[in-house]
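Chemist: this is a predicted model, with the sequence first.
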Amino acid sequence: MPGVLQRLKQFAQSPQGRRTIEQARRTAADPRRRAQAQRLFEKLRTRRSASGM
């Protein structure tokens, strides 16, 4: 049975994996989505520091 990394590699090389990767690249390049992700990370960062970790 292949390991997790091997299965990810196989998926990335498949047509469905290539479509998924391309969609993720387009989404990451969108300024609105990038700002949305930045706000989410900032929210998680402040929540983590507030909990005393």
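Modeler: Here it is on my side, so go on.
Chemist: chain center to stretch 43-53, what's the gap?
Modeler: Remark: stretch 43-53 is offset 20 Å from the chain centroid, using C-alpha atoms, centre = their mean, to the nearest Å.
Chemist: quick one: the helices in the chain?
Modeler: Defined through DSSP state H, the helices belonging to the chain, from first to last, are 4-13, 15-29, 31-50.
Chemist: those helices: lowest mean pLDDT?
Modeler: Ranked by mean pLDDT, the helices of the chain bottom out at helix 31-50, with a mean of 90.
Chemist: sorry, back to before: how about TSV for the helices of the chain, with mean neighbour count added?
Modeler: Any C-beta I mention is one placed from the backbone N, CA and C, and that applies to glycine too. As requested, the helices of the chain are arranged in TSV below (neighbours: other C-beta atoms under 10 Å):
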stretch	mean neighbour count
helix 4-13	11
helix 15-29	11
helix 31-50	10
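Chemist: which residue is nearest the middle of the protein?
Modeler: Among the residues of the chain, the one closest to the centroid is Ala24, at 7.6 Å (C-alpha atoms, centre = their mean).
Chemist: now it: how far from Gln13?
Modeler: Relative to Gln13, Ala24 is positioned 15 Å away (C-beta to C-beta, to the nearest Å).
Chemist: residues in contact with stretch 7-26: which ones?
Modeler: With C-beta atoms under 8 Å, 6 or more residues apart in numbering as the test, stretch 7-26 has contacts from Pro2.
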